[in-house]
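1. Quick one: sequence plus predicted model below, questions after.
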Amino acid sequence: MPATKARPPKRPARSAPPARSVPKEQSLAFYRQMVFVRRFEERAARAYTEAKIGGYCHLNLGEEATVAGLIAAMAPDDYLFTNYREHGYALARGIAPERVMAELYGRSDGVSKGWGGSMHMFDLASRFMGGYGIVGGQLPLATGAALAIDYRDGGEAVVCLMGDGTTNIGAFHESLNLAALWGLPIVYVVVNNGLGMGTTVEQSSAEPELYKRAGSYRMASARVDGNDPAAVYDGMRTALLAARAGRPYLLEAVSERLKGHSVVDPARYRSREEAEALKAADPIAAYAVKLHERGVLTDELIAEIDGEAIAAVARAVEFAEGSPEPEVATLFDYTYATPVPNDSRRLPGEALFPEVSGVSGVSA
Ligand SMILES: Cc1ncc(C[n+]2csc(CCOP(=O)(O)OP(=O)(O)O)c2C)c(N)n1
Ligand SMILES: [Mg+2]
């Protein structure tokens, strides 16, 4: 597409109903969670630019309200699948920030023992099932998990997060179709941050009100304001109730991605005006104002919460920096569920056929 082509308006007016107001403690918990994710992500971005974190690194900046509301509505034994933009969800799900940061650093005390990195965190204890780098790759797996729960008559639900761009992947349609046919206990959540890399929802989706796509599968769905944690929480509770009763659900949470697609993306496709306007879309600032007006937050409390978050993130960084690198010999551990004596367990540089001297890295 030519760079000069005017981009369409970002999205139609929000159709989400306003959230019911939540008790003071719950709204404070939302706020703390949002600030913590923000500070964690900002620190991760800094560590990345200092070359302490390698590989890809996608941040939840701008999605903090969605993170807080979604996770608060889940039961501890529900399963969560995400895409690669996952740090905030891992933290909110209760994985220690030290282990999340150590994973970003690729260290052995990380959630995935340092072998997964930013995109591939996995923690069975908190039923955090990853962390997937292939767009849409998590959908068939999450749907399969929901089928397993149904088969065992379990009471848990599966929550499968994805971005707006993911709704144009074939696996989206295949998964929703089967979930609806089989009445699986799953909530598909579209975290609509307006962009798939640099492409807007309107440029890529013929039906840009993404929650409406569920209609093709006779699946209930709703759109909520992803900048309001209480709205997300309400919407998710409704969705989970339906899913547990065997009625899968599609929830769309609309927010903005405040920075580039990943840490290395300067987001040049955004005009200066758009970048400026984004400041007004900051869910944390907006929620602080709202809670201030309700008398839940004071200036002192705002400063205290922020200070606590910064200190906790600093401890996570210290832990990550002190954690050892994983042993190279463990490189292929966890690649397969069972030991598989095959070629891929050989380390780089090792001879393929040791008995044939001098032949290294060739295939028969
Ligand atoms: C199957 C596949 N195609 C393309 C890519 C490259 N890619 C990585 S992220 C991305 C955009 C996804 O956008 P969205 O689903 O909205 O998620 P967001 O990054 O906004 O969280 C693309 C196309 C990929 N990782 N996998
Ligand atoms: Mg997106």
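-> Right, received. Where do you want to start? Quick caveat, the model's predicted, so the values are computed rather than measured. Ligands and ions are numbered 1, 2, ... in the order given.
2. check contacts around the closest residue to H120 other than its chain neighbours.
-> Nearest residue to H120, sequence neighbours excluded (C-beta to C-beta, 6 or more residues apart in numbering): G131, at 4.5 Å. Every C-beta, even on glycine, is put in place using the N, C-alpha and C of the backbone. Contacts for G131 were tallied using C-beta atoms under 8 Å, 6 or more residues apart in numbering; they are T82, Y84, E86, A90, S112, G116, M119, H120, M121, F122.
3. For whichever residue of the chain sits closest to ligand 1, give the beta-bridge partners.
-> Residue nearest to ligand 1 within the chain (C-beta to the nearest ligand atom): G163, separated by 2.1 Å. For G163, the beta-bridge partners under DSSP bridges are V191.
4. wait, doesn't it sit right on N83?
-> Yes - at 5.9 Å, G163 and N83 qualify as touching, with contact defined as C-beta atoms under 8 Å.
5. okay, and the common contacts of the two?
-> By C-beta under 8 Å, 6+ apart, the residues touching both G163 and N83 are V135.
6. Give the full set of residues in contact with whatever residue of the chain ends up closest to ligand 2.
-> Going by C-beta to the ion, ligand 2 is nearest to G163 of the chain, at 3.5 Å. Neighbouring residues of G163 by C-beta under 8 Å, 6+ apart: N83, R85, V135, V190, V191, N192, N193, G196.
7. Repeat that for F36.
-> So F36 contacts L91, P97, A309, A312, V313 (C-beta under 8 Å, 6+ apart).
8. for V158, phi and psi?
-> phi -110, psi 140 (degrees, to the nearest 10).
9. er, L161 I mean
-> Main-chain dihedrals, L161, degrees, to the nearest 10: phi -90, psi 150.
10. Helices along the chain, start to end?
-> Per DSSP state H, the chain carries helices over the ranges 24-49, 64-73, 87-92, 97-104, 138-151, 170-182, 201-204, 229-244, 272-280, 283-293, 299-322.
11. Report the angle between the last one and helix 24-49.
-> Using axes from the mean of the first three to the mean of the last three C-alpha atoms, to 10 degrees, the inter-axis angle of helix 299-322 relative to helix 24-49 is 40 degrees.
12. distance of the residue lying closest to Y233 once chain neighbours are set aside from L210?
-> The shortest distance from Y233 to any non-neighbouring residue, by C-beta to C-beta, 6+ apart, is to G69 (4.0 Å). G69 sits 18 Å away from L210 when distances are taken as C-beta to C-beta, to the nearest Å.
13. Please apply the same query to H58.
-> Separation of H58 from L210 (C-beta to C-beta) stands at 19 Å.
14. list the contacts for the residue positioned nearest the centre of the chain?
-> Centroid-nearest residue in the chain, with C-alpha atoms, centre = their mean: E86, separated by 3.3 Å. When contacts are counted by C-beta under 8 Å, 6+ apart, E86 touches H58, N60, S118, M119, M121, G130, G131.
15. Stretch 244-264 vs ligand 2: in contact?
-> No - judged by C-beta under 5 Å from the ion, stretch 244-264 stays clear of ligand 2, getting no closer than 6.5 Å.
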